[in-house]
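Asker: Would you be able to build a 3D model of this:
(one chain, ligands or ions: 1)
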Amino acid sequence: MNCSICGSKAVIDCKYEGKSYCKKHFLIKFEKKVRKTIRVNNLIEKGDRIAVAISGGKDSSTMLSILRNITKDRTDVSIFAITIDEGIKGYRGKTIRDAKKFCSSLGVELHIGSFEDLIGISTDDVVKKNDDDTLKACTFCGVFRRDCINKLAAKHGANKVAIGHNLDDEAQSIMANYIRGDMLRAVRIGPKSFIVEDKRFVPRIKPLRDVLEQEVALFALLKEFPLSFGECPYADESFRWEIRDLINSLEQNHPGTKHSIVATFDSMLPYLKSGYFKKVGTIIKKCTTCGGPTSQKYCKVCILKKKVGLV
Ligand code: SF4
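Answerer: I've put the predicted structure just below:
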């Protein structure tokens, strides 16, 4: 297998486009693709202060490194990193140490927030207190983490949060929402994942949305980023994993499936959004308990906090 550009030994075979690339041309192509996603979707604009949410994994490290390259000579845009400690004993400690080292090697300021400080409970304690079998640790953790990222980003003056979702993540979210019939949730998918502008929400951007997980992993490996590979003891995403396996198998037999899922969804998104606005409206309400943004009477954070006796 040789590079389609220079003929030297290839490191990746991109079947979906019928081309292979050597290390040099893969790294160039990858970064170009991410820059194109940012440019075409206006993800970075003059005056932006962007909080880059990192976890020590390949996606967020790759995203931080590229955003750092793009913004380092700009005086009109700034970035900083944030990471959240969910309070999972034996798991997050190492990834936070790695995040600190990585940010310091890039010269990027890092702010760390924790569930304990920002929500009032660690994931370990959620697991001990929750007696509703239908609610898994990941349900609490996902909602609380999103809230913590929003709070921490806002506290440090960000007007955008960058998250490291890649093309596989997007394709999986689209299929998961489709299978669950959750089209209201689906409107949050997209390069800019916010529906209504509201000063209580820091909008999210996804610079890696057009690159495959396999490409992100190779980029991180070739760049020798220090990565954390720990497995969370509460990981229970069986439905998500089924979807991932299904899409991977389709991609194997029909290269380009993942790109096609995301591109087809993107062409439907404007219609989904107008349907959403008709049903939910464009005004975000105030949560009756905390005053936070919500489309219902109570926000999801308060609903879950109530489950573990916090409100
Ligand atoms: Fe949180 Fe679940 Fe991820 Fe663990 S696997 S960090 S509980 S979302």
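Asker: Enumerate every residue touching the nearest residue to residue 95 once chain neighbours are set aside.
Answerer: Nearest residue to residue 95, sequence neighbours excluded (CB to CB, 6 or more residues apart in numbering): residue 56, at 3.4 Å. Placement of C-beta: from N, CA and C, glycine included. Residue 56 is in contact with 83, 94-96, 98-99, 102, 227-228, counting by CB atoms under 8 Å, 6 or more residues apart in numbering.
Asker: Need the residues you listed in a markdown table (columns: pLDDT, distance to the ligand and neighbour count).
Answerer: What follows is the contacts of residue 56, written out as a markdown table (pLDDT from 0 to 100; distance: CB to the nearest ligand atom, whole Å; neighbours: other CB atoms under 10 Å):
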| residue | pLDDT | distance to the ligand | neighbour count |
| --- | --- | --- | --- |
| 83 | 97 | 12 | 25 |
| 94 | 82 | 13 | 13 |
| 95 | 85 | 10 | 22 |
| 96 | 88 | 13 | 20 |
| 98 | 87 | 15 | 21 |
| 99 | 90 | 14 | 25 |
| 102 | 93 | 19 | 22 |
| 227 | 79 | 16 | 18 |
| 228 | 72 | 12 | 19 |
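Asker: Those residues of the stretch 51-200 of the chain touching the ligand, which are they?
Answerer: Contact residues, the stretch 51-200 of the chain versus the ligand (CB under 6 Å from any ligand atom): 86, 123, 137-138, 141-142.
Asker: In which helix or strand does the residue nearest to residue 95 reside?
Answerer: Residue 56 belongs to no helix or strand when assigned by DSSP states H and E.
Asker: ok, residues contacting the strand or helix carrying residue 124?
Answerer: For residue 124, the enclosing helix or strand under DSSP H and E is helix 123-129. Identification of contacts with helix 123-129 by CB under 8 Å, 6+ apart yields 86-89, 115, 121, 137, 140-141, 144, 234, 308-309.
Asker: Buried residues of it, list them for me.
Answerer: 123-124, 126-127 (16 or more other CB atoms under 10 Å).
Asker: Could you report the neighbour count for residue 250?
Answerer: If you count neighbours by other CB atoms under 10 Å, residue 250 ends up with 17.
Asker: Can you report phi and psi for residue 19?
Answerer: phi -140, psi 150 (degrees, to the nearest 10).
Asker: Next one: it from residue 63, what distance?
Answerer: Distance, residue 19 to residue 63, using CB to CB, to the nearest Å: 24 Å.
Asker: Neighbour count for the two, which is higher?
Answerer: Counted by other CB under 10 Å, residue 19 and residue 63 do not tie: residue 63 has more neighbours, with 25 against 15.
Asker: Regarding that one, which helix or strand does it belong to?
Answerer: helix 58-71.
Asker: after the helix holding residue 124, next one along is what?
Answerer: As assigned by DSSP H and E, the chain's next helix or strand after helix 123-129 is helix 137-155.
Asker: about what we covered before: between the buried residues of helix 123-129, which is closest to residue 202?
Answerer: Here the nearest of the buried residues of helix 123-129 to residue 202, counting by CB to CB, is residue 123; it sits at 22.4 Å.
Asker: ok now do residue 71, which residues does it touch?
Answerer: Counting by CB under 8 Å, 6+ apart, residue 71 touches 44, 50, 77-79.
Asker: What pLDDT does the model give it?
Answerer: With respect to pLDDT, residue 71 scores 96.
Asker: so residue 86 sits right up against residue 121, yeah?
Answerer: No. With contact defined as CB atoms under 8 Å, residue 86 does not count as touching residue 121 (10.3 Å).
Asker: Touching both of those two, which residues are there?
Answerer: residue 115.
Asker: can you give me the strands for the stretch 101-250 of the chain?
Answerer: Per DSSP state E, counting those that start in this stretch, the stretch 101-250 of the chain carries strands over the ranges 110-114, 160-162, 204-205.
Asker: so can I have CSV of those strands showing mean pLDDT?
Answerer: As requested, those are exported to CSV (pLDDT from 0 to 100):
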stretch, mean pLDDT
strand 110-114, 97
strand 160-162, 97
strand 204-205, 96
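Asker: Dump those into CSV; add distance to residue 275 and mean neighbour count as well.
Answerer: Below are those laid out as CSV (distance: least, CB to CB, whole Å; neighbours: other CB atoms under 10 Å):
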stretch, distance to residue 275, mean neighbour count
strand 110-114, 35, 17
strand 160-162, 26, 25
strand 204-205, 21, 24
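Asker: can you redo those strands as CSV with distance to residue 172?
Answerer: Listed next are the strands of the stretch 101-250 of the chain as CSV, based on distance: least, CB to CB, whole Å:
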stretch, distance to residue 172
strand 110-114, 26
strand 160-162, 19
strand 204-205, 17
